[in-house]
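[1] Fold the stuff below for me.
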Amino acid sequence: SPLQATTPRLTLEEVTYGSVTIPKGRLVLGALGSANHDESQFLEPEHLDLGREPNKHLAFGVGHHFCMGASLARLEARIALTTLIRRRPAMRLAQPVESLRWRKSLMLRALAALPVTV
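    Residues are numbered from 1 along each chain as shown. Next comes the predicted model:
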């Protein structure tokens, strides 16, 4: 998920989640990106698989928090990626995937650079 975090929340009372206890008055920040890498939901959570089924990611929210623009975003991504692959079929990474670096940000997951050869 490009969006990594939700709005910070302050605990109103002591909360125990699993084996972790969060004291009253502490700031909590949910990381949606972590949920999208949950090994109990995804067979290979660190592998980009655009055709993954089932794909219970949280990129567009869930339930009454589901993004109204999800269908448009999916269509735009499909058109952009299809067009890019059709126009530049020989495009490849210009360096090993292991050497790619991510920007340091709690709010947005993005590569610092994506060097390619065409």
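[2] Spit out the contact partners of the residue of the chain positioned farthest from its centre.
    For the chain, the residue at maximal distance from the C-alpha centroid (CA atoms, centre = their mean) is residue 13, at 29.7 Å. By CB atoms under 8 Å, 6 or more residues apart in numbering, the contact set of residue 13 is residue 24. C-beta coordinates here come from the backbone N, C-alpha and C atoms, glycine included.
[3] all strands of this protein, in order?
    For the chain, applying DSSP state E gives strands covering 9-10, 15-17, 20-22, 27-28, 92-93, 116-117.
[4] now the ones you listed as a markdown table including mean neighbour count, mean pLDDT and distance to residue 99?
    Output for those, formatted as a markdown table (neighbours: other CB atoms under 10 Å; pLDDT from 0 to 100; distance: least, CB to CB, whole Å):
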| stretch | mean neighbour count | mean pLDDT | distance to residue 99 |
| --- | --- | --- | --- |
| strand 9-10 | 10 | 88 | 36 |
| strand 15-17 | 10 | 90 | 36 |
| strand 20-22 | 10 | 93 | 34 |
| strand 27-28 | 10 | 88 | 34 |
| strand 92-93 | 10 | 95 | 9 |
| strand 116-117 | 11 | 96 | 13 |
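[5] Put together TSV for these, with distance to residue 40 on each row.
    Below are the strands of the chain laid out as TSV (distance: least, CB to CB, whole Å):
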stretch	distance to residue 40
strand 9-10	24
strand 15-17	15
strand 20-22	17
strand 27-28	21
strand 92-93	30
strand 116-117	34
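[6] Could you point out which of those sits nearest residue 105?
    strand 27-28 (17.6 Å; CB to CB).
[7] What sits closest to residue 45 if chain neighbours are left out?
    Distance criterion CB to CB, 6 or more residues apart in numbering; nearest residue to residue 45, sequence neighbours excluded, is residue 37 at 4.2 Å.
[8] Before we move on, what's the pLDDT of that neighbour?
    In this model, residue 37 is scored at 80, pLDDT.
[9] Kindly report the same for residue 49.
    83.
[10] again with residue 113
    pLDDT, residue 113: 95.
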